[in-house]
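A.B. asks: what follows is a protein structure lacking sequence information:
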DNA sequence: TAGGTTATTGACCATGCAGTCAGACACGGC
DNA sequence: GCCGTGTCTGACTGCATGGTCAATAACCTA
């Protein structure tokens, strides 16, 4: 039997194995892409029998979701901290952008794994398991920053939804470039984006 | 035997079948996603035997590439026309953005198919067949527009590469939204983007 | 209408997949 | 030493996949 949220459930071995399998799955996805990350390959990387995965996780679906939770936890708070430390709303937007790019640069593998899962992981019905509608939670905090800035009169009037999507898209576009060109100057890239969106949003 | 570029090669039946199979493949990808678009399903949709696909195309790989070529041809010129009709460089950028969004709205299915292929189609090595490095040709014309604008003094100094990527990302982000919310007001969305990037780029 | 080319079928193959399971191992309490 | 529970293995099933192929149908020309 395995625990649901796994924070404290299960025996010592239970938790250790789950962590090991999740790590192996993450590594396999990063190294070979989601499409090639079969349970056979994941088990091989972890140097365990394939059956043990089914002992600790009910299905491949459950494993993948565990990888997402594991990888996602902590990312949001890290960026939120940077944003909240900023004084005015213009600076908050800048902090948001910079916080995101720094996170991308520091956690490229994890971000790549999440990207693989989000764009390839499909349910039985063939639809993406993590589609646009569920990514609402990613855009929402950014929209909140924009709204606050507008209400304070520091940012001009614009469609917050469109602007938030645009900024998110600009940030998300960095990952594949970083993947292709690992020595990309993320700081300079951030400066450009901050400049661009400051001009685009300020009153 | 089948032709390579297929414009005029082969018999009448040859060309008709190829077109039919490409169409069926495109429909299947649009309806069920790339991952589920197996040759069996494609053949079923076209109401032909699976073997006939291998008679006209050497492999699934070749079929998919034919879909890309088929779908891609014409898109570039359509947008280029709109861009070249614009007077000054600021207007050119606006025309580029509007041209792209109009194209997205008018050809959602085709764009969705391309998107499916670009994000899921992998070679034997497990790497994306159409990755970031091969999408250079998409960003290049936009960079040219930006460069011309800067040299004419109409656009401020900025990193053209970053700006081009950002604009492309903003445009590409529309597709999944359109998919999720088919009645999205693309005209208004285009206005917002034009406003945003005009402010961001003008001298 | 005969004969050769072109086009098509459906059965077949090897492979890889997610998932199952009977049995074996480890190990602590009795 | 033995038992029971928790853990693990490796062989197995059933299925879908991309791809092959011999037989055959459709077609065109002579």
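C.D. replies: Good, I have the coordinates. The structure presented is a predicted model; accordingly, all values stated were derived computationally and were not measured. Residues are numbered from 1 along each chain as shown, chains lettered A, B, ... in the order given.

A.B. asks: ok, residues contacting stretch A:98-117?
C.D. replies: A:26, A:29-30, A:33-34, A:64, A:67-68, A:71-72, A:75, A:78-79, A:81-83, A:129-130, A:171, A:174-175, A:178-179, A:182, A:186, A:189-190, A:193-194 (C-beta atoms under 8 Å, 6 or more residues apart in numbering or on different chains). Any C-beta I mention is one placed from the backbone N, CA and C, and that applies to glycine too.

A.B. asks: longest helix in chain A, by residue count?
C.D. replies: As assigned by DSSP state H, the longest helix anywhere in chain A is helix A:12-32.

A.B. asks: downstream of it, the next helix or strand is which one?
C.D. replies: Downstream of helix A:12-32, the next assigned helix or strand under DSSP states H and E is helix A:39-46.

A.B. asks: in the helix or strand that that next one is followed by, which residues are buried?
C.D. replies: Heading C-terminal from helix A:39-46, the first helix or strand you meet, by DSSP H and E, is helix A:50-56. When neighbours are counted by 16 or more other C-beta atoms under 10 Å in any protein chain shown, the buried residues of helix A:50-56 are found to be A:53, A:56.

A.B. asks: mean confidence (pLDDT) on helix A:50-56, please.
C.D. replies: Helix A:50-56 shows a mean pLDDT of 95.

A.B. asks: stretch A:156-167 too?
C.D. replies: Mean predicted confidence for stretch A:156-167 is 97.

A.B. asks: ok, stretch A:66-85 next?
C.D. replies: 82.

A.B. asks: mind listing what's buried in it?
C.D. replies: Using 16+ other C-beta under 10 Å as the test for burial, stretch A:66-85 gives A:66-68, A:70-71, A:75, A:79, A:82-83.

A.B. asks: is that stretch positioned near DNA strand C?
C.D. replies: No - Stretch A:66-85 lies out of reach of DNA strand C by C-beta under 7 Å from any atom of the strand, never closer than 12.6 Å.

A.B. asks: end to end on that stretch, go ahead and measure it.
C.D. replies: One end of stretch A:66-85 to the other measures 31 Å (C-alpha to C-alpha, to the nearest Å).

A.B. asks: what lies in contact with it?
C.D. replies: A:6, A:18, A:22, A:25-26, A:29, A:57, A:92, A:95-96, A:98-100, A:102-103, A:107, A:110, A:113-114, A:117, A:130, A:141, A:145.

A.B. asks: would you mind listing which of these are buried?
C.D. replies: For the contacts of stretch A:66-85, buried by 16+ other C-beta under 10 Å: A:6, A:18, A:22, A:25-26, A:29, A:57, A:92, A:95-96, A:98-100, A:102-103, A:107, A:110, A:113-114, A:117, A:130, A:145.

A.B. asks: what parts of chain A come near DNA strand C?
C.D. replies: Taking C-beta under 7 Å from any atom of the strand as the contact definition, chain A meets DNA strand C at A:36, A:38-41, A:50-51, A:54, A:59-61.

A.B. asks: against DNA strand D, which of those residues make the cut? List them.
C.D. replies: Subset of the residues of chain A next to DNA strand C in contact with DNA strand D: A:50-51, counting by C-beta under 7 Å from any atom of the strand.

A.B. asks: which two in the residues of chain A next to DNA strand C are spaced the farthest apart?
C.D. replies: Taking every pair in those and measuring C-beta to C-beta, the maximum separation is 20.6 Å, between A:36 and A:51.

A.B. asks: what parts of chain A come near DNA strand D?
C.D. replies: Of all the residues in chain A, those lying near DNA strand D are A:10-11, A:13-14, A:17, A:48-52, A:55-56, going by C-beta under 7 Å from any atom of the strand.

A.B. asks: closest to residue B:123 out of those residues?
C.D. replies: Of these, the one sitting nearest to residue B:123 (C-beta to C-beta) turns out to be residue A:50, at 25.7 Å.

A.B. asks: how about the contacts made by that closest one?
C.D. replies: Neighbours of residue A:50 in contact, by C-beta under 8 Å, 6+ apart: A:39-40, A:43.

A.B. asks: for residue A:190, same thing?
C.D. replies: Contacts of residue A:190 (C-beta under 8 Å, 6+ apart): A:97-98, A:101-102.

A.B. asks: give me that answer again for 7 Å
C.D. replies: A:97-98, A:101 (C-beta atoms under 7 Å, 6 or more residues apart in numbering or on different chains).

A.B. asks: returning to that earlier point: show me the contacts of stretch A:66-85 that map onto strands.
C.D. replies: In strands, judged by DSSP state E, none of the contacts of stretch A:66-85 are found.

A.B. asks: could you check how far the nearest residue to residue A:195 once chain neighbours are set aside is from residue B:201?
C.D. replies: Distances taken as C-beta to C-beta, 6 or more residues apart in numbering or on different chains place residue B:158 nearest to residue A:195, at 7.0 Å, with adjacent residues excluded. As judged by C-beta to C-beta, to the nearest Å, residue B:158 and residue B:201 stand 7 Å apart.

A.B. asks: which one's more surrounded, the two?
C.D. replies: Between residue B:158 and residue B:201, residue B:201 has the larger neighbour count (other C-beta atoms under 10 Å in any protein chain shown), namely 23 against 17.
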